[in-house]
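Enquirer: here you go, sequence then predicted model.
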Amino acid sequence: MKKAFGPYKRLARGFLSCSSLWIGDGQLLYIRGRGILLPFSEEYIRFDLSRIRSVSVARTYTWIFTSIGTAAVSALFAWLSLLASQSAAESSGDDSLFTTYLAGGLDLVAAFTLALVLVNVSRGPSCVFMIQTSARSERIRSVRRMRKARQVLAEIGPDIYVRQVNMIPSPPPMPAALAPQPAAAFVPSPAPVDPPPVP
């Protein structure tokens, strides 16, 4: 997938998905694709930077549960491969050859699932990334990791500030009756002077 097209620059792309997030021309472009590796359909959603009310990131535990489940599958295939290897050692002829190939295939599956666990852990904690405007609230599925969420926030934060800083209304002037009055100056009274003595 391209990293830029026209005025847009890609900020994030989903892992094994067709969704992506782009920035350019004063707006965010979210391409929500449906499919795996190849999109079956795409929906284009634009967010004007001046109309974004909030960007929220919530950490989730999906990556932990996914790692535990995938590691369990890897351990299962490794155990089945061990059983097949023991069966191949005890058998002879065509049965031994079949179980040997079976054990090798199970080893490959176990190694592949273990590699998926390592990739999942290396990508860091998972998250939910939301963009809210006055019209809608959209989950950005191309941003699923905290590391990527921080990068996207660092990229779009200054642009959103520049677009919205002049939209903040200034406070109304305070009524004159409520305005703080300057403190009265304190002038000390002169000390009393004694009359001159009468001769």
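Expert: Here it is on my side, so go on.

Enquirer: point out where this protein drops to low pLDDT.
Expert: Across the chain, the ranges flagged by pLDDT under 70 are 1-4, 16-17, 35-39, 92-95, 167-199.

Enquirer: repeat that for 90
Expert: 1-8, 13-19, 24-26, 32-43, 50, 81-106, 134-136, 159-199 (pLDDT under 90).

Enquirer: center of it - which residue?
Expert: By C-alpha atoms, centre = their mean, the chain has its centre lying nearest to Ala149, at 2.5 Å.

Enquirer: check which helix or strand it maps to.
Expert: Assigned by DSSP states H and E, Ala149 falls within helix 146-164.

Enquirer: for that helix, which positions count as buried?
Expert: Residues of helix 146-164 classed as buried by neighbour count (16 or more other C-beta atoms under 10 Å): Met146, Lys148, Ala149, Val152, Ile156, Asp159, Ile160, Arg163. All C-beta atoms are positioned from the backbone trio N, CA, C, and that covers glycine.

Enquirer: residue contacts, the first one?
Expert: For Met146, the set of contacting residues under the criterion of C-beta atoms under 8 Å, 6 or more residues apart in numbering consists of Val57, Arg59, Gly124, Pro125, Ser126, Cys127.

Enquirer: ok, now with 10 Å
Expert: For Met146, the contact set (C-beta atoms under 10 Å, 6 or more residues apart in numbering) comprises Val57, Ala58, Arg59, Thr60, Trp63, Arg123, Gly124, Pro125, Ser126, Cys127, Phe129.

Enquirer: cool, the second one as well?
Expert: By C-beta under 10 Å, 6+ apart, Lys148 lies in contact with Leu11, Ala12, Arg13, Phe15, Leu21, Arg123, Gly124, Cys127, Phe129, Ser142.

Enquirer: any idea how far it lies from Ser87?
Expert: Between Lys148 and Ser87 the computed distance is 46 Å (C-beta to C-beta, to the nearest Å).

Enquirer: just the last one next, same as before
Expert: Arg163 sits 67 Å away from Ser87 when distances are taken as C-beta to C-beta.

Enquirer: for the fourth one, same thing?
Expert: Remark: distance between Val152 and Ser87 (C-beta to C-beta) = 52 Å.
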